[in-house]
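1. Fold the following.
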Amino acid sequence: MPRHQRGKSSASASGGSQRQLRVGELIRHAISDILSQGGVHDDTLNGHIITVPEVRMSPDLKLATVYVMPLGGHDTEAVIAALAHNKKFLRGEVAHRVNLKFAPDLRFRTDERFDEAERIEKLLRTPAVQKDLNTDSDDT
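-> Presented below is the predicted three-dimensional model:
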């Protein structure tokens, strides 16, 4: 297998190349700092504590998808809309804080991992699954 193909398959399996992951983490820290310090003059954003659990970068590092979740999961649509409205300012701030050739375009999405984890937790607590788990532990 040629070298460039081998690298692509391992990068896609792990969620991106090492550079994508590193730049995503730098941008995550920059956006978290900006939001926590109240750098954006927006009443919606200043009225919420916003968590930035992940930033995924495109392979060319020109697009950053920022996953956010307001504390408690309330007003997610309003927070996403406020972030999108202030995208130009945030992009400029990220460009000043992270040394890249091009400032990436920012896209904001709601982080669904908490909802998915809760759904799995509920499934694991159902009587049918508990019965299977107890049966398996008795067999060993």
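
2. residues in contact with stretch 103-113?
-> The set of residues external to stretch 103-113 that reach it, using Cβ atoms under 8 Å, 6 or more residues apart in numbering, is 27, 51, 53-54, 57-58, 61-69, 76, 80, 83-84, 87, 90-92, 94-95. The C-beta positions use only the backbone N, C-alpha and C, and glycine is treated the same way.

3. Report the central residue of the protein.
-> residue 54 (2.6 Å; Cα atoms, centre = their mean).

4. Correct me if wrong: that residue contacts residue 27.
-> No. Under the criterion of Cβ atoms under 8 Å, residue 54 is not in contact with residue 27, lying 10.3 Å apart.

5. Output the lowest mean pLDDT helix or strand found in the protein.
-> One helix or strand of the chain scores below all others by mean pLDDT, DSSP states H and E: helix 3-14, with a mean of 49.

6. continuing past that helix, what's the next helix or strand?
-> Following helix 3-14 in sequence order, the next helix or strand is helix 18-36 (DSSP states H and E).

7. Now do the buried residues in that following helix.
-> Residues 20, 21, 23, 24, 26, 27, 28, 30, 31, 32, 34, 35 are the ones in helix 18-36 that count as buried (16 or more other Cβ atoms under 10 Å).

8. Could you do stretch 77-87 as well?
-> Buried positions in stretch 77-87, judged by neighbour count with 16+ other Cβ under 10 Å: 79, 80, 82, 83, 86.

9. I'd like those laid out as JSON lines, including secondary structure.
-> Listed next are those as JSON lines, based on DSSP: H, G, I helix; E, B strand; the rest coil:
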{"residue": "79", "secondary structure": "helix"}
{"residue": "80", "secondary structure": "helix"}
{"residue": "82", "secondary structure": "helix"}
{"residue": "83", "secondary structure": "helix"}
{"residue": "86", "secondary structure": "coil"}
